[in-house]
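J.: The following block contains a protein sequence and its predicted model.
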Amino acid sequence: MSDQISIPTVYMRGGTSKGLLFNKKDLPSDQTRLTNYLLAAMGSPDTRQINGMGGATSVTNKVCIISKSELANVDIDYFFAQVLVDEAKVDYGPTCGNMLSAVGPFAIEQGLIEATETYTKIVIRSVNTGSIIDATIPTPKKLVTYSGDYEIAGVPGNGSPILLKFKNIVGGATGKLLPAGHTTTNIKGIEVTCLDVSMPIVMAKAKDFGIEGNETSLVLNSNKNLLKNIEEIRLLAGLEMGMGNVNGKVLPKFALLSKPLQGGTITSRYFTPKTCHESHAATGTNCVASACLISGTVASKIANIKATGEDKVMIEHPLGSIDCIVETSRTIQETDSNYIKSCGVYRTSRKIMGGNIYIPKDIENE
């Protein structure tokens, strides 16, 4: 008898992220056991993750746990887990919009959803945040198609475009659009906007942190003084947002904003929160794009755009740009929680490997 536990899984890229997708029934329901399983699967804690499938960065260290939803008008439940690289910790608080683009194809190919001709529409619930996502998956001849001519910045080559339309996305973590109570808040002399759309983010002007805002993620991640200052402001902002002590937690995220240089709406450097994202999170895109359309925010003071009801916001990031279609209400105040109606982004995905992952049986005794 083998001294390892065998678990079916699929290794996939979703947007600019990558990780393992599991059927919920194949994993333990107890969260302590689940955490041990995922740490072993990814090889954490270890900066190289040499003993697991982890990619040694936050964006390549993600897990999606998928099941049929028992809720009316929802097809699939998506539970996200962020496995930390160098700590024996799994964070179940956030979600990942990039990996969402892998959820639909996985659900179809696992037989959880029956494909339809040309396109298959799937209603997905983010268990972590409660948001609802309408995913449209290209399925010519009722088969998932991964190849195509759509390109996203940060991913070599092209793929088949998957439309993700995020709904019910305001206040998922804090219960409020503006959890600090105002469009801007002053923290230690720094003007910040605290917004909760898809993902709670603390936003500030890049110049207020002594940078231009167009630096590469590598340059920013080597700037230890910058990262220290960001974390100091983030911890204080967490208190202002009613999130308590966020030390050691990945929420809220942080974004440093500046003028666009390539014809976009705004430039963003998105921190996860202790490292700068190599491109930009999809959920973070929703939040920054929404901020551009709310008067008085740090983002709106930089972006030259006015809400018309449905607007494309182009966010420039270290590897290119990402577009977000933001639907707003024309009859509600911009600071009202119902003002942001939905956000839509296009992503691609790719199935890299399918099979079983093996983890040591002795983790059951930990």
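T.: That came through fine. Numbering: from 1, shown residues only.
J.: Is residue 87 in a helix, a strand, or coil?
T.: Following DSSP: H, G, I helix; E, B strand; the rest coil, we place residue 87 in the coil state.
J.: Per-residue pLDDT of it, please?
T.: Residue 87 is assigned a pLDDT of 93 by the prediction.
J.: Surely it is in contact with residue 45?
T.: Yes. At 5.2 Å, residue 87 counts as touching residue 45 under the criterion of C-beta atoms under 8 Å. All C-beta atoms are positioned from the backbone trio N, CA, C, and that covers glycine.
J.: So for the two, which residue has more residues nearby?
T.: Per other C-beta atoms under 10 Å, whichever of residue 87 and residue 45 has more neighbours is residue 45, with 15 against 12.
J.: Can you tell me the SS state at that one?
T.: Classification of residue 45 using three-state DSSP returns coil.
J.: can you check residue 288 too?
T.: With three-state DSSP as the criterion, residue 288 reads helix.
J.: That one: what's its closest spatial neighbour, skipping adjacent residues?
T.: Spatial nearest neighbour of residue 288, chain neighbours left out: residue 268 (5.1 Å); criterion: C-beta to C-beta, 6 or more residues apart in numbering.
J.: And for the one helix or strand that neighbour maps to, what's in contact with it?
T.: Element membership of residue 268 [criterion: DSSP states H and E] is strand 266-271. Under the criterion C-beta atoms under 8 Å, 6 or more residues apart in numbering, residues 201, 206, 211, 213-215, 217, 220, 227, 230, 253-261, 276-277, 280-281, 284, 288, 292, 299, 302-303, 313-318 lie in contact with strand 266-271.
J.: Just the buried ones from those?
T.: Neighbour counting by 16 or more other C-beta atoms under 10 Å classes 201, 206, 211, 213-215, 217, 220, 227, 230, 253-260, 276-277, 280-281, 284, 288, 292, 299, 302-303, 313-318 among those as buried.
J.: Which ones among those map onto strands?
T.: Counted as lying in strands by DSSP state E, out of those, are 201, 253-258, 313-317.
J.: could you dump those to TSV with distance to residue 141?
T.: Converted to TSV, those look like this (distance: C-beta to C-beta, whole Å):
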residue	distance to residue 141
201	41
253	40
254	44
255	41
256	46
257	44
258	46
313	35
314	34
315	35
316	38
317	35
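J.: is it true that residue 229 touches residue 209?
T.: Yes. Shown here, residue 229 and residue 209 form a contact pair, counting by C-beta under 8 Å, at 6.0 Å.
J.: Tell me how the chain divides into domains.
T.: The chain breaks down into these domains under automatic domain parsing: 4-161+349-365, 185-345.
J.: Find the one among those domains with the highest mean neighbour count.
T.: Stretch with highest mean neighbour count among those: domain 185-345 (a mean of 20; mean count of other C-beta atoms under 10 Å).
J.: The residue most central in space within the chain: what's its closest spatial neighbour, skipping adjacent residues?
T.: Residue closest to the average C-alpha location in the chain (C-alpha atoms, centre = their mean): residue 96, at 3.0 Å. Leaving aside its sequence neighbours, residue 96 sits nearest to residue 80 (C-beta to C-beta, 6+ apart; 5.2 Å).
J.: ok, that neighbour - contacts?
T.: By C-beta under 8 Å, 6+ apart, the contact list for residue 80 reads 62-65, 92, 94-96, 99, 126-128.
J.: From those, pick the one nearest residue 8.
T.: Among the contacts of residue 80, residue 65 lies closest to residue 8 (C-beta to C-beta), at 12.3 Å.
J.: Assumed that closest one was part of a helix.
T.: No. Counting by three-state DSSP, residue 65 is not found in a helix; it is strand.
J.: what's it in contact with, if anything?
T.: Residue 65 neighbours (C-beta under 8 Å, 6+ apart): 21-24, 27, 78-81.
J.: how about a cut-off of 7 Å?
T.: By C-beta atoms under 7 Å, 6 or more residues apart in numbering, the residues touching residue 65 are 22, 24, 27, 79, 81.
J.: Do you know the pLDDT at it?
T.: Note on residue 65: pLDDT of 98.
J.: ranges for the helices of the stretch 151-300 of the chain?
T.: With DSSP state H, counting those that start in this stretch, the ranges of helices along the stretch 151-300 of the chain come out as 217-221, 224-240, 282-292, 298-302.
J.: what's the offset of the third one from the middle of its chain?
T.: Same thing as helix 282-292. Between the centre of helix 282-292 and the centre of its chain there are 11 Å (C-alpha atoms, centre = their mean, to the nearest Å).
J.: ok, then the element right after the helix or strand that the residue nearest to residue 96 is a member of?
T.: Using DSSP H and E, residue 80 sits in strand 76-83. Downstream of strand 76-83, the first helix or strand assigned by DSSP H and E is strand 90-91.
J.: still on that earlier bit, strands paired with the strand holding residue 80, and their directions?
T.: Next to strand 76-83 in the sheet, as set by DSSP bridges, lie strand 62-68 (antiparallel), strand 90-91 (antiparallel), strand 118-126 (parallel).
J.: Send me the helix or strand following the shortest one as PDB with only the CA atoms.
T.: Where DSSP H and E defines the elements, the next helix or strand beyond strand 90-91 is helix 97-109. Provided in PDB are the C-alpha atoms of helix 97-109 (Å, rounded to 0.1, in the frame of the first residue of the first chain):
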ATOM      1  CA  GLY A  97     -10.600  36.900 -10.900                       C
ATOM      2  CA  ASN A  98      -7.900  35.600 -13.200                       C
ATOM      3  CA  MET A  99      -8.300  32.000 -12.100                       C
ATOM      4  CA  LEU A 100     -12.100  32.400 -12.600                       C
ATOM      5  CA  SER A 101     -11.400  32.100 -16.400                       C
ATOM      6  CA  ALA A 102     -10.300  28.500 -15.700                       C
ATOM      7  CA  VAL A 103     -13.300  27.600 -13.600                       C
ATOM      8  CA  GLY A 104     -15.800  27.400 -16.500                       C
ATOM      9  CA  PRO A 105     -13.700  25.100 -18.700                       C
ATOM     10  CA  PHE A 106     -12.900  22.900 -15.700                       C
ATOM     11  CA  ALA A 107     -16.600  22.600 -14.800                       C
ATOM     12  CA  ILE A 108     -17.500  21.600 -18.300                       C
ATOM     13  CA  GLU A 109     -14.800  19.100 -18.800                       C
END
